[in-house]
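In: Coordinates for the following, if possible.
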Amino acid sequence: MTRCANDTLISKIGMKSLNKLVEVDFAVLADIDSCVKVNTKNYIDYTGTSAAFNAYSIPKDSFNCLAEGCKNSGTLTVMNGVGTASSATFAVNADATDFAAGVITYYVHFPAAGTYQLDTAVSDISDQGQTNADVYKKEIIVKEAGFHPVVIDLSKVPEEQKGTGWMASEGGIILKAEATPEDTVIGTVGFSSIYVYNSIEDFEVNDVVKIGCIDEFAGEMTVDPVEASCFGAGYDATSIAIERTLTGKSATANYWKLNPLMSKGEQTTGWLIQTTERTISSTEIDGVTYGYVQLADMNMDECAFTTAAIADICNVTESLLSRVNTPVVVDINEKQFIVLDSGKILFHESLVGKAIVISYPKTVDVEHFVGSEASLDERRVRMSFTQEQTDGVKQNYVYNNVLITSFPGTVNNEETTFEFTISVQRDKNGNFFEMYRITE
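Out: Here you go, the predicted model:
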């Protein structure tokens, strides 16, 4: 009699372990939006046989990646004959001194394929006839009928000036858009969704952050069961939660963008604590001799951080001087100093010629960042992570809507580790993630 046995195993796969070449990519996105918008239904004048506004003819947003919501408005269509220029004039009621070197965007709906000359004239709000205007000219080759995005960079020299040109004022501007088709193309053209931005930097909203040298990519999906009353148990879809913890040892320099509280500020100068050794010189003020050190680069707004100590006294307690916090000169003893508005530091005359160690806030050029809740609802993050099976098949996971719920802040004497906690949310299609299987 033979024994019955199952000695053959079905082939199986596993997941390869992480290595230093594995990276996780984050696409940090923010919608480009402007505080100054013009709905083209509010036109001043037009050139054509007739004009009509259609609130439902809305161009797709061409300036945002995965834009949330719908910011664009309807289209003013100016009807005209073949080869004839069509134009429309609009008022932008906003302080033009804020965007004198900024950017204007709008959309033009072209009726057919062909070559068009597009002129955008900008003048002061008080100059409706545009006697003095800057004219920006573009030749646009259209392959098929539809909306075409237009960008006018006001920091560039215009192709043409009328009169003395445009001078920005607090009242606003008049904008005239004129499209001229080639001789065989009808001149019926639409204008839509005029936006004004203070700077081209307003468009710096999409960035990619890479985390490398991955130690761990962990987490789990949870969903609560719910007991049905008639036909058995099921799942509570509202309880779905997917969380991932990512730990790596290297990151691109822009990883601060994953911090949901961090955003760029407006300042271009800041400070850091600088320590230097100087020799105390002598000066006379109102007939009284003082010692002094001049610090031309001291940040006076943050001068509370200033300390001073005599360099050649080994007793730390005895070497440290005390600050007398006064904006005017007063009598001081050999253990005191005064910080004046000019960055001059005064000492007792007995310290003249001595070496002094001063620690003070130094003014430096900076990129300014602020941590606040202002950007919480404006920033969106996509994440991509690729796992490789032992059979060579790669699984590329794309999480289209993730929230960074913890950001690394620990610093110690070991190699820095970047650890993030990520909460996966539904995207605009209701999906938590997508997965692509790749065989090469």
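
In: Can you pull out the low-pLDDT segments for the protein?
Out: Residues of the chain that meet the criterion pLDDT under 70 lie in 1-8, 10-11, 13-15, 18-20, 65-70, 228-232, 410-415, 440.

In: Which parts of it belong to which domain?
Out: 32-203, 207-265+370-438, 269-365 (automatic domain parsing).

In: so where does A218 fall, helix or strand?
Out: strand 207-222 (DSSP states H and E).

In: And that strand, what's buried?
Out: Going by neighbour count (16 or more other CB atoms under 10 Å), the buried part of strand 207-222 is V209, I211, G212, C213, I214, F217. Placement of C-beta: from N, CA and C, glycine included.

In: and of the residues you listed, the nearest to L21?
Out: Of all the buried residues of strand 207-222, the one sitting nearest L21 is G212; the distance, using CB to CB, is 8.0 Å.

In: Thought T247 was touching the closest one, still the case?
Out: No. Using CB atoms under 8 Å, G212 is not in contact with T247; the gap is 11.4 Å.

In: joint contacts of these two?
Out: Counting by CB atoms under 8 Å, 6 or more residues apart in numbering, G212 and T247 have no common neighbour.

In: What's the end-to-end length of stretch 348-367?
Out: One end of stretch 348-367 sits 39 Å from the other (CA to CA, to the nearest Å).

In: Likewise for stretch 298-307?
Out: The distance separating the two terminal residues of stretch 298-307, taken as CA to CA, comes to 12 Å.

In: May I see the buried residues of it?
Out: Neighbour-count burial for stretch 298-307, counted by 16+ other CB under 10 Å, picks out M298, N299, E302, C303, T306.

In: looking at the domains of the chain, which is closest to L9?
Out: For L9, the closest of these is domain 207-265+370-438, at 14.8 Å, according to CB to CB.

In: Show me what S282 is bridged to.
Out: For S282, the residues forming beta bridges with it (DSSP bridges) are G291.

In: Tally up the residues packed near it, please.
Out: 13 (other CB atoms under 10 Å).

In: Run through the residues that contact it.
Out: So S282 contacts T289, Y290, G291, Y292, E349, V352 (CB under 8 Å, 6+ apart).

In: related to what we said a few turns ago, among the domains of the chain, which is nearest E23?
Out: Closest approach to E23 among these (CB to CB): domain 207-265+370-438, 4.7 Å.

In: Start and end of that closest one, how far apart?
Out: End residues of domain 207-265+370-438 are separated by 26 Å (CA to CA).

In: circling back: of the buried residues of strand 207-222, closest to Y399?
Out: When these are ranked by distance to Y399 (CB to CB), F217 comes first, at 11.9 Å.

In: ok, so what distance separates the closest one from T131?
Out: The spacing between F217 and T131, counted by CB to CB, to the nearest Å, is 64 Å.

In: is it true that D202 lies in a strand?
Out: No. Remark: D202 does not belong to a strand; assigned using DSSP: H, G, I helix; E, B strand; the rest coil, it is helix.

In: which residues sit in contact with it?
Out: Applying CB under 8 Å, 6+ apart to D202 gives the contacts I32, S34, G102, V103.
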